[in-house]
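J.: Following is a predicted model, sequence given first.
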Amino acid sequence: MTATYERAVRFEDVDAARLVFFARYFGYCHEALEALFAPMEGGYARVVLVRGIGFPSVHVEADYMAPLRYGDGVRIATYVLHVGRTSCRLRYDMSRTSDGARIAKVEQVVVVTNLATIEKIAIPDDVRALFESHRVEAA
């Protein structure tokens, strides 16, 4: 199952060239990750703030195909490529909403972490089920 998140490109996202600054794409991915948790009670905020579970990145790679500009809309399809014991590999495929142009592909590995100790933990069953429900074969 694909999780899809859409947002507008805001003025604060662009640089002097009037293009989305490359690092902002990682922020977009984090927004999409938060949206992935929407079906869970309290969503991502509850997982982080109440349960004390974090998802720090340990690896991120990106390919950029076309620019985004202020006023564009971006659609982010989020897939889970792998679920391990303590980590997960995600892929975010970004496209422009107006014409469907492929904008970027970002892959990220997160390690599930106890935020009180900053140590990795086994993925909790409900979080694992969420990730598994979005798992696809790597393409």
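T.: Looks like it arrived, so ask away. This is a predicted model, so every value here is computed, not measured.
J.: Leaving out chain neighbours, which residue sits closest to Ala101?
T.: Excluding the flanking residues, the one nearest Ala101 by Cβ to Cβ, 6 or more residues apart in numbering is Ala66, at 5.1 Å. Placement of C-beta: from N, CA and C, glycine included.
J.: Doesn't that neighbour lie inside a helix?
T.: No: per DSSP: H, G, I helix; E, B strand; the rest coil, Ala66 lies outside any helix segment and is coil.
J.: Could you report the neighbour count for it?
T.: If you count neighbours by other Cβ atoms under 10 Å, Ala66 ends up with 12.
J.: okay but it is in contact with Arg96, surely?
T.: Yes: using Cβ atoms under 8 Å, Ala66 makes contact with Arg96 at a distance of 7.2 Å.
J.: Mind giving me the packing neighbours of the host helix or strand of Tyr79?
T.: Secondary structure assignment for Tyr79, by DSSP states H and E: strand 73-83. Contacts defined by 3 or more Cβ pairs under 8 Å, 6 or more residues apart in numbering; DSSP states H and E place strand 73-83 against strand 3-8, helix 24-36, strand 87-96, helix 125-133.
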